[in-house]
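**Q** Curious how this folds, go ahead:
(one chain, ligands or ions: 1)
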Amino acid sequence: MTAQIIDGKARAAALRADIATHVARLSQDHGVTPGLAVVLVGEDPASQVYVRSKGRQTVEAGMESFEHKLPADTSEDALLALIDDLNKDPQVHGILVQLPLPDHLDSDLVINAIDPAKDVDGFHISNVGLLGTGQDAMVPCTPLGCLMLLRETLGDLSGMDAVVIGRSNIVGKPMAHLLLGDSCTVTIAHSRTRDLPARVAAADIVVAAVGRPQMVKGDWIKPGATVIDVGINRIDKPEGGTRLVGDVDFDSVAPVAGAITPVPGGVGPMTIACLLANTLTACCRIHGLPVPEGLTA
Ligand SMILES: Nc1nc2c(c(=O)[nH]1)N[C@@H](CN(C=O)c1ccc(C(=O)N[C@@H](CCC(=O)O)C(=O)O)cc1)CN2
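**A** Residues are numbered from 1 along each chain as shown. So this is what the prediction gives:
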């Protein structure tokens with residue numbers, strides 16, 4: 001068996017095109033343009049790339065982009081004051097603070113200062129609680145993107161056995177809640193999990209979000225399973241230079257799995273497309289307008 005390659009890049013492009021259509025209609029019919037504010041503290045090179053992509057794709061979708069780039073030594077008070085301004089700004093419907101923040105800043109404190117209605121990352125404790133109790137929440141972008149890819153690949157997920165490897169607040173935990181919401185039987189595995197290969201071998205769906213390059217091997221995988229690789233790891237190439245790999249050993253897993261996301265070009269592009277989806281959702285909710293179908297969990 002050779003796995004179907006799940007083309008996240010193409011799926012993300014289609015989602016962005018759909019969002020752009022809705023944004024144009026929103027402006028025309030209601031005179032409202034969704035606005036996304038992205039806050040970057042410091043000069044982490046990867047974060048700079050992601051923030052640039054977010055700004056570009058926001059504008060391409062017809063939305064307003066507000067970028068706030070702050071020096072690495074920005075104080076917590078200054079950052080909280082900026083968030084307070086953005087919470088009050090009627091042009092801003094979505095607020096995102098790029099992570100990781102420099103060590104002297106308390107991420108939880110900063111995230112929980114964002115108005116939950118504008119929390120397009122879905123990291124605010126209110127949105128975490130709403131998702132955990134099956135209510136309408138802003139859903140974290142990466143897990144939302146994974147869910148969209150899974151539904152498109154498999155259709156109804158009900159009754160399937162899913163393993164989520166990784167228990168982060170950004171991916172692992174919300175992913176598990178989303179799969180549970182779609183009536184999967186969910187195992188959350190982590191660094192202390194005993195006999196991880198055996199647990200993975202029992203799963204119809206494997207979501208790897210552990211941050212360890214090529215950890216999940218082909219002989220762990222149930223033949224025909226769907227494998228979603230959230231990892232983005234840069235490793236050295238034997239001939240010099242570097243390349244991106246996921247948390248899944250693609251070469252050994254692809255011949256066994258039924259479907260698999262590549263890295264790059266799988267989950268990553270869906271993260272930013274879902275950020276735009278969440279911004280449109282937040283804008284509609286704030287203005288009391290119906291949220292277009294297909295953007296939320
Ligand atoms: N506030 C947030 N911070 C971070 C998030 C997040 O969702 N919210 N996620 C990650 C980084 N991230 C977006 O911010 C992100 C990561 C990767 C990609 C992506 O498209 N990756 C490409 C490869 C890119 C490359 O060449 O390096 C791919 O997988 O094809 C988009 C967004 C941490 N911080």
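
**Q** residues from the stretch 101-250 of the chain in reach of the ligand?
**A** Residues of the stretch 101-250 of the chain lying close to the ligand (C-beta under 6 Å from any ligand atom) are Asp121, Cys141, Thr142, Ile232, Leu244. Quick note: C-beta positions are derived from backbone N, CA and C, even for glycine.

**Q** among these, which are in helices?
**A** Cys141, Thr142 (DSSP state H).

**Q** Filter the residues of the stretch 101-250 of the chain next to the ligand down to the buried ones, PyMOL style.
**A** Applying 16 or more other C-beta atoms under 10 Å to those, the buried members can be selected in PyMOL as follows:
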select buried, resi 121+141+142+232
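
**Q** want to throw the residues of the stretch 101-250 of the chain next to the ligand into JSON lines with distance to Ala259 and pLDDT?
**A** Formatted as JSON lines, those follow (distance: C-beta to C-beta, whole Å; pLDDT from 0 to 100):
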{"residue": "Asp121", "distance to Ala259": "27", "pLDDT": "98"}
{"residue": "Cys141", "distance to Ala259": "21", "pLDDT": "98"}
{"residue": "Thr142", "distance to Ala259": "18", "pLDDT": "98"}
{"residue": "Ile232", "distance to Ala259": "19", "pLDDT": "97"}
{"residue": "Leu244", "distance to Ala259": "20", "pLDDT": "97"}
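
**Q** residues contacting the closest residue to the ligand within the stretch 151-297 of the chain?
**A** Closest residue of the stretch 151-297 of the chain to the ligand, C-beta to the nearest ligand atom: Gly268 (2.1 Å). By C-beta atoms under 8 Å, 6 or more residues apart in numbering, Gly268 lies in contact with Gly8, Ile232.

**Q** quick one: low-confidence parts of the stretch 1-150 of the chain?
**A** 1 (pLDDT under 70).

**Q** what ranges do the strands span in it?
**A** Per DSSP state E, counting those that start in this stretch, the stretch 1-150 of the chain carries strands over the ranges 4-5, 35-41, 64-70, 94-97.

**Q** Columns distance to Leu147 and mean neighbour count on top of the ones you listed, output as TSV?
**A** Formatted as TSV, those follow (distance: least, C-beta to C-beta, whole Å; neighbours: other C-beta atoms under 10 Å):
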stretch	distance to Leu147	mean neighbour count
strand 4-5	18	14
strand 35-41	21	24
strand 64-70	26	16
strand 94-97	19	27
